[in-house]
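> Quick one, what's the 3D model for this:
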Amino acid sequence: MQISYRTMTAISLVALGTALASCQSKPPVKAVSNASALDVMEKVAVGANRCWFRSGDPAFKSYAFAPELTSFSGRPRFLLTRKGSSDIRPLLVVQAEGRPAKLSTFGPLMSEPVSGRVNADVQRWAAGNTNC
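Coordinates of the predicted model:
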């Protein structure tokens, strides 16, 4: 049985697309009260900085925190990057948009075991709970 070059190319493209899709994390989007995106992200960024970084949490010690709350795109956010690395690609993006604010968390870190904690913490802080 011979497979044509065209069929082989189509199969390869489907396999590549499937592999790439499995690497992408699906950003959970949740509406949070009637607060603006900036209001919500200010709460979340303060919580993340205080509970993950200033507290010395070992789960986040190898990451750097980069808040980008002043956003002309209407999507205030913060990023986690690898600490001390020249690679500035974010490993985690937490952003909000709209009113009511819709939160999204995405990036390679969301395929790690810490992702459940990230989502739980972000939702808790967005709701106004300041506990770590």
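
> list the buried ones in whatever helix or strand Phe78 lives in?
Phe78 is located in strand 77-82, with elements delineated by DSSP states H and E. Burial within strand 77-82, assessed by neighbour count using 16 or more other Cβ atoms under 10 Å, is assigned to Arg77, Phe78, Leu79, Leu80, Thr81. C-beta coordinates here come from the backbone N, C-alpha and C atoms, glycine included.

> what's next to it, contact-wise?
41, 44-45, 48, 60, 62-69, 71, 87-96, 107, 109 (Cβ atoms under 8 Å, 6 or more residues apart in numbering).

> Can you turn the buried part of the residues you listed into a ChimeraX selection?
Of the contacts of strand 77-82, the buried ones go into a single ChimeraX selection, burial set by 16+ other Cβ under 10 Å:
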select :41,44,45,48,60,63,64,65,67,68,90,91,92,93,94,95,96,107,109
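
> Just the ones of the contacts of strand 77-82 in strands?
Among the contacts of strand 77-82, DSSP state E puts Tyr63, Ala64, Phe65, Ala66, Pro67, Glu68, Leu92, Val93, Val94, Gln95, Ala96 in strands.

> export those residues to TSV and tack on pLDDT and distance to Arg117?
As requested, the ones in strands among the contacts of strand 77-82 are exported to TSV (pLDDT from 0 to 100; distance: Cβ to Cβ, whole Å):
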residue	pLDDT	distance to Arg117
Tyr63	96	13
Ala64	95	18
Phe65	95	16
Ala66	94	20
Pro67	94	19
Glu68	93	22
Leu92	98	12
Val93	97	16
Val94	97	13
Gln95	96	18
Ala96	96	19
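
> which stretches of the protein form helices?
With DSSP state H as the criterion, the chain has helices at 5-23, 37-48, 115-126.

> before we move on, back to that, the strand holding Phe78 pairs with which strands?
According to DSSP bridges, strand 77-82 forms sheet pairs with strand 63-68 (antiparallel), strand 92-97 (antiparallel).

> For Val118, state which of the ones in strands among the contacts of strand 77-82 is nearest.
In terms of Cβ to Cβ, no member of the ones in strands among the contacts of strand 77-82 lies closer to Val118 than Leu92, at 6.8 Å.
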